[in-house]
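> Curious how this folds, go ahead:
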Amino acid sequence: MNAENRTYFEDLLNNLRRMEEVAAAGGGPKALAKLHAKGKMSARERVDALLDAGSPRLEIGALAGWGQFEEEGGCPAGGVVVVLGRIQNRLCVVVANDPTVKAGAWFPITGKKNLRAQEIAMENRLPIVYLVDSAGIYLPMQNEIFADKEHFGRVFRNNARMSSMGIVQIAAVMGSCVAGGAYLPIMSDEALIVEGNGSIFLAGSYLVKAAIGEEVDNERLGGADTHCDISGVTDHKMPNDAACLERIRQLVGQLAAPTLAGFDRVAPLAPASPPDALYDRFPAGNSRPYDVMGLLECLLDEGSIVPYKETYGQSIVCCYARLDGWAVGVVANQRKVVKNAQGEMQFGGVIYSDSADKATRFIANCNQRGIPLIFLQDVTGFMVGSRSEHGGIIKDGAKMVNAVANSVVPKFTVITGHSYGAGNYAMCGKAYDPRLILAWPSAEIAVMGGEQASKVLLQIQNSARKSQGLAEDPEAEKERLLEIKARYTEQTKPIYAASRLWVDGLIDPVKTRDALSIGLDAANHAPMTERFNMGVLQV
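Reported below is the predicted structural model:
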C-alpha cells in the first residue's frame, strides 16, 4: 500500500464528495421544504422513485455550473438532474428539472446539459423520460440561452428528430411548464400531468391579462383538468407525483425489446488486481512515471488482455481485452519511460510517430471487427523538436486523429491525469464524440501544462511592456508569473472542466469499471449502420 498516493486520493475524493453534496442540495433546505409543502417531490426524489431500486446508475453532469453564475445566486448541478439508469429493467435517460433552483429556470448550462442528455439518448437509441418542472428561460441571461444553434430551441428540434428515429420520449409535467418550454412535453410521444401542481401554457395569467385583457387563473388556463378534459394536450391526469412516476414505470415496462448492436459479451471476471489498487498505482500529483498496465489490471477482466504490437510504439499501449465481460479495445498512454528499437529513450505520456502509427492501425482493426474502444488518457502531447518534425510527427499524428474522428464503433474516454494539447484530440477528447467522457479528480485538461503556459504568457506580456517602453522590474515579473500560473492552473483543474460539461462527470477511480460497463450496455442498444472509412490520407 502506498500511503502517499492513498492520502492524495483521499483528499481529492473528500473534496469531490463535498462538492457533490452541495450540488445535490440544489436550492437548499428552505427551498426543499417549500416544495414539500406543495406536496411535490424534489428532482432527485423523483428520479429515485422512477428508477429500479438498487439498480446501477450513472449521473451525468453532477457538477455542471459549479463556480459559475455566482452573481445570479449559482446554478447547482445546472438546475437539472440527468441520470442513465434502469426503469423496469430497461436502460433509459432521465431528465428532471430542479424547481428549487430559480424555479427550474434554464441557465446557459441548463440548456447544454439537457442537450447532452438528448445526445446520449440519440447516440445510444435509449428511451428518454422528462420530469418537467420549470419556469422556462432565465430571462436575465436570455441572450446566452435563446437564439443560437446549441441553445434552448435545439431541445425541441431534438424532440422532433428523436420521434422520427423511433426513440421513445415520455414527459411528465409535475410543475410549471411555460412559454416555449411548453413544447417539450407536447413534442414527446406521451405526456402526463399532475393535478394541482402541473400546468402548461404559452403565457401565464398575468401575461394573458396584459396581452388581451382576459381574467383567468393559471389552473383554468393550463392545469390538469384543462389539458386532459378540454384541450386533449396531455394523455394522463395523475393525482400526485408518486402516481405519476408509477404510471411512467408502467408505460416503460410495456416497450418492445430493443434491437441490439450485438457487441460481444461473456460472463464477466473480476480484474486481476482489486480496483482500489488504483490508488496505489497512480502517483500522487501525477508527478512520477508509472506503468499504465498496472491500472489496466485493476479495470479489465483477469486473463483477457491481448497486447497489440507490444514492443513497437511503446508510448501508447494497445490491447484487446474484456471489461465486465464486454469485448473492448483499449488505447492507453504509457507513462513509464521506455526505449524504442534503436535504444532511444521515449518519455512517458508523449505520443511519438511510431505510437501514433500503432494506435491508428489498432483503431482501424477494432472498427473492422465491431469492437468498442476505450481511451485511457494521461497525455502531455505529441513529441516536438527537429528530429520529430523531420520524421513526420504531424503526418502520423494526423492519421491517428483521422482514425479517431472517423471511428464508427462506440468510443469511451477516461482522463486519469494529463490531457494536454493535440494529445487530448488524438486520445478522443470531447470534440471527438465519445459516448461517455469521464475524468478522475487527478485529471488536468489544458492546451499545455501550467508551468510552460505561464512562462509563454509572461513572455507575451513582457514583449508588450517592452514595446510600450515600460521598464523591467524583476520582482514585479515574479509576481506576474505567479499570478498567471495560479489563474492558468485553476483552469486546468477537473472541476473547471466538469462545471462546463467538457466531461460528463468526475468519478472515483474505483467506479471506473462500473461506469464504463453502463456505457457499453447503453451503446449496445444502437445497431451500427456506418462503415469505417478514413478518407484521404498522406501516407
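
> Using PDB, write out every CA atom in stretch 101-115.
In PDB, the C-alpha atoms belonging to stretch 101-115 read as follows (Å, rounded to 0.1, in the frame of the first residue of the first chain):
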ATOM      1  CA  VAL A 101     -33.000  26.300  -8.400                       C
ATOM      2  CA  LYS A 102     -34.600  29.500  -9.700                       C
ATOM      3  CA  ALA A 103     -38.000  27.700 -10.100                       C
ATOM      4  CA  GLY A 104     -36.300  25.300 -12.500                       C
ATOM      5  CA  ALA A 105     -35.400  28.100 -14.900                       C
ATOM      6  CA  TRP A 106     -32.900  27.400 -17.700                       C
ATOM      7  CA  PHE A 107     -29.500  28.900 -17.400                       C
ATOM      8  CA  PRO A 108     -27.000  28.500 -20.300                       C
ATOM      9  CA  ILE A 109     -25.500  25.500 -18.600                       C
ATOM     10  CA  THR A 110     -29.000  24.000 -18.100                       C
ATOM     11  CA  GLY A 111     -29.500  24.100 -21.900                       C
ATOM     12  CA  LYS A 112     -26.100  22.500 -22.500                       C
ATOM     13  CA  LYS A 113     -26.900  19.700 -20.000                       C
ATOM     14  CA  ASN A 114     -30.300  19.000 -21.500                       C
ATOM     15  CA  LEU A 115     -28.800  18.800 -25.000                       C
END
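
> average model confidence for it?
Per-residue pLDDT over stretch 101-115 has a mean of 95.

> For that stretch, list every residue counted as buried.
Neighbour-count burial for stretch 101-115, counted by 16 or more other CB atoms under 10 Å, picks out 101-115. In this view, the C-beta of every residue, glycine as well, is placed from N, C-alpha and C.

> Out of these, which two are the most distant from each other?
The distance between the two most remote of the buried residues of stretch 101-115 (CB to CB) is 20.7 Å, for 103 and 115.

> tell me which of the buried residues of stretch 101-115 is nearest to residue 172?
Scanning the buried residues of stretch 101-115 for proximity to residue 172, where the rule is CB to CB, the winner is residue 104, at 13.4 Å.

> Okay, the closest one and residue 274: tell me how far apart.
42 Å (CB to CB, to the nearest Å).

> nearest residue to residue 16 other than its sequence neighbours?
Closest residue to residue 16 apart from its sequence neighbours, by CB to CB, 6 or more residues apart in numbering: residue 441 at 5.0 Å.

> tell me which element that neighbour falls in.
Assigned by DSSP states H and E, residue 441 belongs to no helix or strand.

> for it, what are its contacts?
When contacts are counted by CB atoms under 8 Å, 6 or more residues apart in numbering, residue 441 is found next to 9, 12-13, 15-16, 494, 506, 508.

> C-alpha coordinates for the helix or strand harbouring residue 184, CSV please?
Element membership of residue 184 [criterion: DSSP H and E] is helix 183-186. C-alpha atoms of helix 183-186 as CSV (Å, rounded to 0.1, in the frame of the first residue of the first chain):
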residue,chain,number,x,y,z
TYR,A,183,-43.4,22.5,-26.4
LEU,A,184,-41.1,19.9,-24.9
PRO,A,185,-43.7,17.6,-23.3
ILE,A,186,-46.1,18.0,-26.2
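
> Run through who's touching that helix.
For helix 183-186, the surrounding residues in contact (CB under 8 Å, 6+ apart) are 130, 132, 155-156, 159, 171-173, 177, 191, 200, 233-234.

> Skip ahead from that helix and say which helix or strand is next.
For helix 183-186, the following helix or strand on the C-terminal side (DSSP H and E) is strand 190-194.

> what pLDDT, on average, does that next one get?
The pLDDT scores in strand 190-194 average 97.
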